[in-house]
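Q: Fold the following and give me the result.
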Amino acid sequence: EKKGIPLRINLNADANAGCTREILFPDFGIDKIVAAGGKETIEINPTQEGEFKFRCSMDMAKGVLIVR
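A: Numbers count the residues shown, from 1 in each chain. Got it, this is the predicted structure:
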C-alpha cells in the first residue's frame, strides 16, 4: 500500500471462523468483529510509511500491512 492513499479491506467471515472473525489494527485504532457468515468493510488511510501489524482477537492469526 502507498502512504496517503486510502485502503479499503473487505472482510468475509465463515460461520465457523471463531476468533478470526475479529480483526485488530492497533496502530489505526481498528477493532472490527464480523458476524458469523457476515461481511464488513474497513477503511484505513495510512499517513506514514512503515510496517503495521494486524491480528485476530486471540493473536492466533496475524500479519503485517506494509506502507511505502
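Q: Could you use CA atoms for every contact and neighbour count after this?
A: Noted.
Q: measure stretch 48-62 end to end?
A: 21 Å (C-alpha to C-alpha, to the nearest Å).
Q: How about residues contacting that stretch?
A: Residues outside stretch 48-62 that contact it (C-alpha atoms under 8 Å, 6 or more residues apart in numbering) are 2-4, 19-27, 63-68.
Q: and it, how far from the chain's centre?
A: Stretch 48-62 sits 7 Å away from the centroid of its parent chain (C-alpha atoms, centre = their mean, to the nearest Å).
Q: switch to numbering from 54
A: In the new numbering, first residue 54, that becomes stretch 101-115.
Q: Buried residues, that stretch. List them.
A: By neighbour count with 16 or more other C-alpha atoms under 10 Å, stretch 101-115 contains the buried residues 107-110.
Q: ok, of those residues, which one's closest to residue 66?
A: Distances from the buried residues of stretch 101-115 to residue 66 were compared by C-alpha to C-alpha; the smallest belongs to residue 109, at 12.1 Å.
Q: Now do the phi/psi pair for the closest residue to residue 119 other than its chain neighbours.
A: Leaving aside its sequence neighbours, residue 119 sits nearest to residue 104 (C-alpha to C-alpha, 6 or more residues apart in numbering; 4.6 Å). Backbone geometry at residue 104, expressed as degrees, to the nearest 10, gives phi -110, psi 130.
Q: Pull up the gap between residue 104 and residue 75, please.
A: Separation of residue 104 from residue 75 (C-alpha to C-alpha): 20 Å.
Q: before we move on, back to that, show me how to select, in PyMOL, the buried members of the contacts of stretch 101-115.
A: Those of the contacts of stretch 101-115 that count as buried under 16+ other C-alpha under 10 Å are selected in PyMOL with:
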select buried, resi 73+74+75+76+77+78+120
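Q: Check what pLDDT the residue nearest to residue 119 gets.
A: Predicted confidence (pLDDT) for residue 104: 97.
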